Structures are given as structure tokens and as C-alpha cells.
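[1] structure here, sequence nowhere to be found:
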Ligand SMILES: [Zn+2]
């Protein structure tokens, strides 16, 4: 499970839907792995405004990851504009090191095993082989 | 011929032998790839955008491989642990992924391909032509890049509002039309309601979902369309090869109640 996905997951229980404590889920006993994926600066650009930065910082602190910028980066920080010339194509913009670091943190840093715990109801979702189990017993649906 | 969803719920139907057969059948792979390409064509995402996509009923990752090829990042949900296990085995053969434990910083041993111990005590039925050993058409050496959740889409989609740019689903939504138990809370109408309401929330404003599925009759198709509209979607059906054996039904949904008629008309016979 990617850190990015964790930044979007909430508790699945109906009773937790409206509770602010049901997001983000809290990782416990997490084993982390770096799984390399192709770098895609345009995806980082697209998803960055939707990342809940405070939740991300909290999650990373809980996971012992310290390489998170204190503030959400501005979109303009993702590409190097110093070489900007007239008519430069979107695709030719040079991504910055910050963008590569975000890729590494959000898309390549993964939880291989452990569990996710709801801060509202305490329900635990197991993660095995990187796959989180969100199946609920029927009385919790 | 009995339809799989009439015999067993999907988590039981797609057990290990059936999942493997489903994934290795080149005929099924080809049809599924075609439907995924068609769904993406209907979604009509901005060409320069690299999107965050939900794959509903992602199975063994056949559609996901195409999403990855197109430069998208995706999250897949499936109720079948066997199917998800096969998705994980993608890419462990020809192109092992570089991975390492974060703390120890050491190379992991990656398992070598899918084990060939094919159980033959189970017959998936249907009239599939088995092409064992043939090369798979959809880059089967490509690793599964999507994040996978073991989940029942009729229970909940556990994502916060606006998580995804779009959603696709290939051959999954008909499973929602089955009662998972005699419990009233598991009735198809309840399952469809929960699914479409949650889908509506987790798509961003202006987002779209295209879902190919196999309704067994007009009534079931209407039930699904109605559930989508009640959840707030602008929704309509696009039908390819209508009335033939190869008929394919796509439910096209847009967030914000936008009329999808124009989208569907533009895509017909394309
Ligand atoms: Zn909860």
C-alpha cells in the first residue's frame, strides 16, 4: 500500500462516515518497503492539490519517516522554471528534485504488512503482502 | 449455460483454479483488454493528464496493466483474494521489480514467476479455448503497479471525497445484483445504493465512471441505472453490438449530474 493511497483511505464503517477521527487511518506494526515505479511528474502535479498535508505529516511521523516538507509544496515548485523560455512545452519542463522526492515518498514507499486502525471506532484493517483487507463483517456495514 | 453469478458469490466463485484459468485464458484477456480500451475511450480523459483512477472489481490486474501503460496511477478493489494474489504475481518473472526493505536497505528476493502447478480438477466451464503456454497479450511481464484492496464494493468504498479523477469497471457490477445473504441489508438494492453513493463521493467534481457489466435482463439494467441516478450521477447506457451475442453494455456516469447523452451519442459506432 502506497503512502499516497493511505492519504485517501478512510474507515469503511457507516457509523464512522461523518467522524473526522476516521481519517486518516493509523498504521500500526508497519513494515515498509521501497518498490520502484516509473517517475511521472505530471501525476505528482495532478494529485498534489488533493493530498491532505497535515494527514500526510501525521502518517509519516507514525511511520518514522522524516523526509516530509513541513508545508505542502506550491505547484510552481514542481518544475524548474529557470530555463523557461518562450514556447516551452509542458512535457519539456524539467521536474525538480522536490518532485522526485515526492514521487519516492508517495508512490514508492509502501506498507507491505501491518494494520490500519480507525481513530474513531478502533477497527483494525490488516495489510498483508501490501494488500489491505477492507471486508467488513455484515453487522458493521 | 449458467452464469457464474448465479452459482456462487464472487469471493467463492473466483477461487484459485478459476482465477488462474480466467487470467490465463487468452480469449478472456483479449475481450477484457478491448473493453478496457473502450471504457477509456468513453472516459475521454484529457490527453496530457496523468490521472488517479479507481478500478472497481480489478481482478487479476488485466485492466490495470492498461491503465499503467497509459501513464495513470490506479487503485483496484476486488472481493476475490485469489484474483488479487494473481495480480501480485504479475511481473515477478521477466521484469522483477526493484524493491527493498526500507529499514535494512537490502534487496528482496523476488519469487520466480507463477508456479505452474495448475490444478486440473476444476473445470471453469463455458466454451473457452484454452491457450495454455501461449504468450499473454497484455504485457504480462509488466508488474502490477496499482494498489490493491480486498473489499466488497457492495459494502463500502473507503475513500475520502474527491480521491479519484475517474473510475472504470469491467465485468463486475452484475455481481452487485446478487443478494449476498438473506439479510435485508444485503439485498441488491441496498448493495447498489451503497456502491453508487460511495462512488459518487470518492470521484472528484466533473469526474466520470464507465462501467461495463453483464445485466441478465432489461430489469436488472434498469435497476443499476436507477441506483446510479438516485446517487446523484448523470447516467446513461452505451451499448455496443446491440442484440448480438457480443453485446456489451457500458454504464456511463458523471459527477455533478451532467447529462451524459451527448457523450454517449458521440461514442456510438466509433
Ligand atoms: Zn471506524
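    It's in. Every value quoted in this text rests on a predicted model; they were computed, and no experiment measured them.

[2] longest helix of chain A?
    helix A:53-63 (DSSP state H).

[3] just give the closest residue to residue A:45, not the sequence neighbours.
    residue A:78 (5.5 Å; C-beta to C-beta, 6 or more residues apart in numbering or on different chains). Every residue, glycine included, has its C-beta placed from N, CA and C.

[4] correct me, but the one you found touches residue A:97?
    No. Judged on C-beta atoms under 8 Å, residue A:78 makes no contact with residue A:97 at a distance of 10.5 Å.

[5] ok, those two, which is more surrounded?
    residue A:78 (19 against 8; other C-beta atoms under 10 Å in any protein chain shown).

[6] how close does that one sit to chain B?
    Note on residue A:78: its distance to chain B, by C-beta to the nearest C-beta, to the nearest Å, is 13 Å.

[7] need the pLDDT of whichever residue of the stretch 151-270 of chain B sits closest to the ion.
    Residue of the stretch 151-270 of chain B nearest the ion, by C-beta to the ion: residue B:158 (9.4 Å). Listed pLDDT for residue B:158 reads 97.

[8] ok, it - contacts?
    Residues in contact with residue B:158, defined by C-beta atoms under 8 Å, 6 or more residues apart in numbering or on different chains, are A:9-12, A:134, B:149, B:151.

[9] which of those fall within strands?
    residue B:149 (DSSP state E).

[10] which parts of the chain are strands?
    Reading this off chain A. Using DSSP E, the strands of chain A run over A:26-35, A:79-80, A:94-95, A:109-117, A:124-128, A:131-133.

[11] I was after chain B.
    Here chain B has its strands, by DSSP E, at B:52-56, B:73-78, B:99-101, B:147-150, B:164-170, B:203-213, B:234-240, B:248-254.

[12] got those as TSV, with mean neighbour count, mean pLDDT and distance to residue A:116 columns?
    As requested, the strands of chain B are exported to TSV (neighbours: other C-beta atoms under 10 Å in any protein chain shown; pLDDT from 0 to 100; distance: least, C-beta to C-beta, whole Å):
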stretch	mean neighbour count	mean pLDDT	distance to residue A:116
strand B:52-56	25	98	18
strand B:73-78	26	97	14
strand B:99-101	16	77	20
strand B:147-150	25	96	11
strand B:164-170	26	98	19
strand B:203-213	21	97	22
strand B:234-240	19	96	32
strand B:248-254	22	97	28
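
[13] want to throw those strands into CSV with distance to residue A:5?
    CSV is the format used below for the strands of chain B (distance: least, C-beta to C-beta, whole Å):
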stretch, distance to residue A:5
strand B:52-56, 10
strand B:73-78, 6
strand B:99-101, 17
strand B:147-150, 4
strand B:164-170, 11
strand B:203-213, 16
strand B:234-240, 27
strand B:248-254, 22
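
[14] how about those in CSV, adding distance to the ion?
    Below are those laid out as CSV (distance: least, C-beta to the ion, whole Å):
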stretch, distance to the ion
strand B:52-56, 21
strand B:73-78, 18
strand B:99-101, 30
strand B:147-150, 16
strand B:164-170, 21
strand B:203-213, 22
strand B:234-240, 30
strand B:248-254, 27
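
[15] returning to that earlier point: in JSON lines: the strands of chain A, plus distance to residue B:46, mean neighbour count and mean pLDDT.
    Shown next, in JSON lines, are those (distance: least, C-beta to C-beta, whole Å; neighbours: other C-beta atoms under 10 Å in any protein chain shown; pLDDT from 0 to 100):
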{"stretch": "strand A:26-35", "distance to residue B:46": "28", "mean neighbour count": "17", "mean pLDDT": "96"}
{"stretch": "strand A:79-80", "distance to residue B:46": "18", "mean neighbour count": "17", "mean pLDDT": "92"}
{"stretch": "strand A:94-95", "distance to residue B:46": "19", "mean neighbour count": "16", "mean pLDDT": "94"}
{"stretch": "strand A:109-117", "distance to residue B:46": "28", "mean neighbour count": "21", "mean pLDDT": "97"}
{"stretch": "strand A:124-128", "distance to residue B:46": "33", "mean neighbour count": "18", "mean pLDDT": "98"}
{"stretch": "strand A:131-133", "distance to residue B:46": "30", "mean neighbour count": "21", "mean pLDDT": "97"}
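
[16] out of the ones you listed, which comes closest to residue A:61?
    strand A:26-35 (10.6 Å; C-beta to C-beta).

[17] how deep is residue A:70 tucked in, by neighbour count?
    6.

[18] pLDDT at the residue lying closest to it once chain neighbours are set aside, what is it?
    Counting by C-beta to C-beta, 6+ apart, residue A:57 is the residue found nearest to residue A:70 once chain neighbours are left out, at 7.4 Å. Note on residue A:57: pLDDT of 97.

[19] what is the neighbour count of residue A:57?
    16.

[20] tell me how many other residues surround residue A:6.
    26.

[21] list the residues that contact it.
    A:24-25, A:27, A:59, A:111, A:116.

[22] tell me the buried residues in the longest helix along chain B?
    In chain B, with assignment by DSSP H, the single longest helix is helix B:26-43. Residues B:26, B:28-29, B:31-33, B:35-36, B:38-40, B:42-43 are the ones in helix B:26-43 that count as buried (16 or more other C-beta atoms under 10 Å in any protein chain shown).

[23] nearest to residue B:224 among the strands of chain B would be which one?
    strand B:248-254 (6.3 Å).

[24] hey, which helix or strand in chain B has the poorest pLDDT?
    None of the helices or strands of chain B scores lower by mean pLDDT, DSSP states H and E than helix B:16-24, at a mean of 71.
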